[in-house]
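K.L.:
okay, here's the prediction I keep looking at, along with the sequence it came from:
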Amino acid sequence: MRSLIPFSILAASAFSSAFRLIQISPTETRWATEEQKLELKRQGVNFMDITDHQMLGMQNAVTRSEMGIMKTVEFPEKVMFEDTIKPLLKNLNKDNMKANLEKFTSFYTRYYKSEHGRESSEWLLKRINETADGFADLKLAPFPHHWQQSSIIARIPGKTEKTVVIGAHQDSINLFLPSLLGAPGADDDGSGTVTILEAFRVLVEHLKKTGEKLEQTVEFHWYSAEEGGLLGSQAVFSSYEKQARDVVAMLQQDMTGFVEKTLKAGKPESVGVITDYVDPGLTEFIKKVITEYCDIPYTLTECGYACSDHASASKAGYPSAFVIESKFEDSDDHIHTTEDKIEFLSFDHMLQHAKLTLSLAYELGASNKWSGKGGDEL
């Protein structure tokens, strides 16, 4: 006997395939088509496409409630490892970042639903592996999705499973016709991609040379589909939540190279530290890291809800922070077009972001704050 599928189920399936559930604030969701999502981005409206991960953060929230864990993660009161970190900063090389970004922007687009996006991700995975140069402790793997482009995770195991995450997004987009038009994505977020790659290189070289094992596990993430509504990072942190992974900090580096508007406005070159929808304790420690290890100051700025992948970590219940190239209003106007090119970027400025990245990864990776000798656990 033939089995009939109720019309209501068919209708719901058709609706969900045509519409996506997006979240534009902590309390507001709506259904939207892919074209409507693009229009929101053209209007500068940030959102998370939560269709596939509507329960993100619920498991961690329930677990904390059941265990009576109400305190937030506490971070070190001051930087501790200047003697190790400052010599390492001299090994950061802006020529490496430039060479990597020249190749990364040579892909016609890195749109996550395209073959170009798949190819750029495969190249990046290969380049990360080459950069690690046989570091035996490294666990490197793609994190596949149901679209063409994979996210990538490079894991440096520590003495504990407590994990520090450094992130950037690898995809780019042209908001006019993403499937047809080019999107070099030099600043957004090719700059962040190569910034954390260079910090990763120097950290791995140090660990390989010294045989040192960090207290915390440190991971470098390159997310797919940030431009689609933080899709890749939501998938990663949803997986981590289900595995009960203990992430004590996550820093996102998204757009690290554009300073032209800042300088033309007569403002000092600085690192933009996002202050809204972030973990205040982690953000305060990042300010201390910038002051100690960077050659330029920080400036405080806001970017709104779900403005980059740190929002996925935050929603999952993990402390997250975000830094950008300048005050948000002075950031790059060329993004999401064919004009997001290397020629508009400063590799000297990107070097400052690499210094921050390397310093934070080591400071939190080597800290005994969560080893039972002091501090609150997640």
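P.N.:
Looks like it arrived, so ask away.

K.L.:
check contacts around the closest residue to Ile342 other than its chain neighbours.
P.N.:
Nearest residue to Ile342 in three dimensions, chain neighbours excluded: Ala186, at 4.7 Å (Cβ to Cβ, 6 or more residues apart in numbering). Just so you know, the C-beta spots here come from the backbone N, C-alpha and C atoms, and that holds for glycine as well. Residues counted as contacts of Ala186 (Cβ atoms under 8 Å, 6 or more residues apart in numbering) are 101, 105, 257, 340-342, 344-345.

K.L.:
among the residues you listed, which ones are in helices?
P.N.:
Leu101 (DSSP state H).

K.L.:
would you turn the contacts of Ala186 into TSV with pLDDT, neighbour count and distance to Thr33?
P.N.:
Converted to TSV, those look like this (pLDDT from 0 to 100; neighbours: other Cβ atoms under 10 Å; distance: Cβ to Cβ, whole Å):
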residue	pLDDT	neighbour count	distance to Thr33
Leu101	98	25	33
Thr105	98	23	30
Gly257	98	27	33
Asp340	98	28	25
Lys341	98	15	30
Ile342	98	17	34
Phe344	98	16	32
Leu345	98	26	34
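
K.L.:
nearest to Asp83 among the contacts of Ala186?
P.N.:
Proximity of the contacts of Ala186 to Asp83 (Cβ to Cβ) peaks at Gly257, which lies at 29.7 Å.

K.L.:
these two touch, right, the closest one and Leu351?
P.N.:
No - the criterion here is Cβ atoms under 8 Å, and Gly257 misses it with Leu351 at 9.8 Å.

K.L.:
now the helices for the stretch 151-300 of the chain?
P.N.:
Per DSSP state H, counting those that start in this stretch, the stretch 151-300 of the chain carries helices over the ranges 192-210, 231-242, 260-264, 280-293.

K.L.:
how about TSV for those, with mean neighbour count, mean pLDDT and distance to Lys315 added?
P.N.:
Listed next are those as TSV, based on neighbours: other Cβ atoms under 10 Å; pLDDT from 0 to 100; distance: least, Cβ to Cβ, whole Å:
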stretch	mean neighbour count	mean pLDDT	distance to Lys315
helix 192-210	23	98	20
helix 231-242	24	98	8
helix 260-264	15	97	30
helix 280-293	19	98	15
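
K.L.:
now the ones you listed as CSV including distance to Gly44?
P.N.:
Formatted as CSV, those follow (distance: least, Cβ to Cβ, whole Å):
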stretch, distance to Gly44
helix 192-210, 19
helix 231-242, 19
helix 260-264, 16
helix 280-293, 23
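
K.L.:
ok, which of the ones you listed comes nearest Ser312?
P.N.:
Here helix 231-242 is closest among those (Cβ to Cβ), at 3.8 Å.

K.L.:
from the chain's centre, how far out does the closest one sit?
P.N.:
12 Å (Cα atoms, centre = their mean, to the nearest Å).

K.L.:
which elements pack onto it?
P.N.:
On a contact count with 3 or more Cβ pairs under 8 Å, 6 or more residues apart in numbering; DSSP states H and E, helix 231-242 meets strand 48-49, helix 58-67, strand 139-143, strand 151-156, strand 163-169, strand 217-223, helix 310-315.

K.L.:
of these, which shows the lowest average pLDDT?
P.N.:
Among the helices and strands packed on helix 231-242, helix 58-67 has the lowest mean pLDDT, at a mean of 86.

K.L.:
hmm, back to that, Leu231 is nearest to which of the helices and strands packed on helix 231-242?
P.N.:
strand 48-49 (5.8 Å).

K.L.:
what's that closest one in contact with?
P.N.:
20-23, 37, 228-231, 234, 306, 311-312, 315.

K.L.:
buried residues in stretch 60-67?
P.N.:
Asn60 (16 or more other Cβ atoms under 10 Å).

K.L.:
then that stretch to PDB, C-alphas only?
P.N.:
The C-alpha trace of stretch 60-67 is given here as PDB (Å, rounded to 0.1, in the frame of the first residue of the first chain):
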ATOM      1  CA  ASN A  60      25.600  24.600  28.200                       C
ATOM      2  CA  ALA A  61      23.000  26.800  29.900                       C
ATOM      3  CA  VAL A  62      21.200  23.800  31.300                       C
ATOM      4  CA  THR A  63      24.400  22.200  32.400                       C
ATOM      5  CA  ARG A  64      25.500  25.300  34.300                       C
ATOM      6  CA  SER A  65      22.100  25.600  35.900                       C
ATOM      7  CA  GLU A  66      22.000  22.000  37.100                       C
ATOM      8  CA  MET A  67      25.600  22.300  38.400                       C
END
